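Enquirer: After the sequence you'll find the predicted model.
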Amino acid sequence: MLKLVKDSVPSIEQFMIWSWMDNPAALYHIQVGVLVTVEHSSMVGPKTGKWITEMTQNFITFMDELKLRLHAKDQLHLILQELVMGYARFKGSKDWEGQSKMVSWLITLNSMKASEEITDEQSWQVSSDVFPTDIFIAFICIDMFTEIRGSVGIM
């Protein structure tokens, strides 16, 4: 990628300075070429790192679908189903209030015909229910921390 813009951007570090970015951890992972979920998967197990990566991907995809106004049941149902199943893999997911809201929206989509669409109001509501601020990231981080503490004997 840097080869494509090397005339405009001499280095990642220079780009970060020009963009007022202060993210040393991100710079480290770009330079090393290893995702943070891969780097830390040895602490929580390789499956957890994989699940977090899949959940992040599904989270972003579902959010993008709503932002792009893709409201058809067949466009939303599968990815929301993946989100619900993905959350269920993590300890404590049943205690998280967003889980029941996601299941409720999944039931709503299940009751629709494939050709039906949710309204703009429903799209806004599902966004508020499923993605309140950064709750997804907080949930995953708390779960990872709990698993790391348990694996090294800290409670």
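Expert: On my side now, so go ahead.

Enquirer: List the buried residues of the helix of greatest length in the chain.
Expert: Within the chain, and with DSSP state H defining each element, the longest helix by residue count is helix 46-67. The neighbour-count check on helix 46-67 (16 or more other C-beta atoms under 10 Å) flags 48-49, 51-52, 54-56, 58-59, 62, 65-66 as buried. Any C-beta I mention is one placed from the backbone N, CA and C, and that applies to glycine too.

Enquirer: In TSV, list those residues along with distance to D7 and pLDDT.
Expert: What follows is the buried residues of helix 46-67, written out as TSV (distance: C-beta to C-beta, whole Å; pLDDT from 0 to 100):
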residue	distance to D7	pLDDT
T48	42	72
G49	37	70
W51	41	78
I52	37	76
E54	37	83
M55	38	81
T56	33	80
N58	37	86
F59	36	83
F62	37	89
E65	36	91
L66	38	90
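
Enquirer: just those residues now: which is nearest V84?
Expert: Here the nearest of the buried residues of helix 46-67 to V84, counting by C-beta to C-beta, is N58; it sits at 9.6 Å.

Enquirer: From I118, how far out is the closest one?
Expert: N58 is 18 Å from I118, where distance means C-beta to C-beta, to the nearest Å.

Enquirer: Surely W20 is in a helix?
Expert: No: counting by DSSP: H, G, I helix; E, B strand; the rest coil, W20 falls outside a helix, being coil.

Enquirer: And it, its phi and psi?
Expert: Phi and psi for W20, reported as degrees, to the nearest 10, are phi 60, psi 40.

Enquirer: Please report the distance of it from Q75.
Expert: Computed with C-beta to C-beta, the distance linking W20 and Q75 is 37 Å.

Enquirer: Could you check how far T61 is from L27?
Expert: Counting by C-beta to C-beta, the gap from T61 to L27 is 26 Å.

Enquirer: again with M55
Expert: For M55, the distance to L27 (C-beta to C-beta) stands at 24 Å.

Enquirer: what's the nearest residue to M63 if we skip its chain neighbours?
Expert: F131 (5.9 Å; C-beta to C-beta, 6 or more residues apart in numbering).

Enquirer: and that neighbour, how far is that from Y28?
Expert: 28 Å.

Enquirer: Between those two, tell me which one has more neighbours.
Expert: Higher neighbour count among F131 and Y28: F131, with 15 against 12, using other C-beta atoms under 10 Å.
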